[in-house]
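Asker: Pasting the sequence and the predicted coordinates here, then a few questions.
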Amino acid sequence: MIGHAAIFLLALALAMDCFTVSLTCGIIQKRMGRQAVAMALTFGAFQGGMTLLGWAVAASFSRYISGVDHWFAFLLLAFLGGKMIWEGMHAEQGKSCFNPSKPATLLTLAVATSIDALAVGFSFTCMGFSRLAAVFYPVGMIAAVSLLMSLAGKYIGVTVGRRVNWPAEQIGGVVLILIGLKVLLEHLTE
């Protein structure tokens, strides 16, 4: 099994997509509040839940899912990114159309950013996490770090968004597409 420091670094690496998406959403929305907490809780729950799910089905389905999980993440993020770009280009002056607080959008973002966590869960069985009790600590760490990084990203995004007047939706769309490309290229070059 891997040590506590390695688990924390793994959790931090998995949380980077949550941080980036939250930062982008903060720039777009320019406000904190319930939506920031909802986003952080959703991202944390999905990161932890997808890790646990990956661990639970590793023996049965990993050979079927591992070949397409990166395509799924890429397509979800590319779709949302393209939607953000299109809506940003067609929005009324100074008005944002993309709303990451909508439940369907939030769930799509959570699934797309947690595909890597599913893959990490698959790998946990190879790292010596053979019992459910053993996997609780890393799953909890992944969920907690993702939650905190999402809140930090949202706060930083709101702070930046209030100070600068960028075409936030278009930039956010490009960022989502780039995250999707990163996931795709990482898996294709392994």
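Answerer: Structure received.

Asker: how far away is M149 from A112?
Answerer: The gap separating M149 from A112 is 16 Å, by Cβ to Cβ, to the nearest Å. Glycine gets a C-beta too; all of them are placed from N, C-alpha and C.

Asker: just L118 next, same as before
Answerer: Applying Cβ to Cβ, the value for L118 to A112 is 11 Å.

Asker: Give the ranges of residues in this structure that sit below the confidence cut-off.
Answerer: Where the chain drops to pLDDT under 70, the residues are 1-2, 59-67, 69, 88, 91-98, 125-128, 166-169.

Asker: Point to the residue nearest the middle of this structure.
Answerer: The C-alpha lying nearest the average C-alpha coordinate of the chain belongs to T113 (Cα atoms, centre = their mean; 2.5 Å).

Asker: so it touches F19, yeah?
Answerer: No: counting by Cβ atoms under 8 Å, T113 stays clear of F19, with 9.5 Å between them.

Asker: So what's the residue count around W71?
Answerer: Neighbour count of W71, defined by other Cβ atoms under 10 Å: 15.

Asker: Can you tell me the SS state at it?
Answerer: Look at W71: counting by DSSP: H, G, I helix; E, B strand; the rest coil, its state is helix.

Asker: OK, contacts around it?
Answerer: L184 (Cβ atoms under 8 Å, 6 or more residues apart in numbering).

Asker: any idea how far it is from V111?
Answerer: Using Cβ to Cβ, one gets 14 Å for the distance from W71 to V111.

Asker: now do M50
Answerer: To V111, M50 is 8 Å away according to Cβ to Cβ.

Asker: more crowded one of those two?
Answerer: M50 (25 against 17).

Asker: Could you list every helix and strand in contact with the helix or strand encompassing L148?
Answerer: Assigned by DSSP states H and E, L148 belongs to helix 132-163. Using 3 or more Cβ pairs under 8 Å, 6 or more residues apart in numbering; DSSP states H and E, the elements in contact with helix 132-163 are helix 4-29, helix 34-65, helix 115-124.

Asker: Dump the ones you listed into CSV; add distance to G172 as well.
Answerer: Formatted as CSV, the helices and strands packed on helix 132-163 follow (distance: least, Cβ to Cβ, whole Å):
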stretch, distance to G172
helix 4-29, 4
helix 34-65, 13
helix 115-124, 19
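
Asker: Quick check: which of those helices is nearest to A133?
Answerer: Closest approach to A133 among those is made by helix 34-65 (12.0 Å; Cβ to Cβ).

Asker: List the buried residues in that closest one.
Answerer: 35-36, 39-44, 46-58, 62, 65 (16 or more other Cβ atoms under 10 Å).
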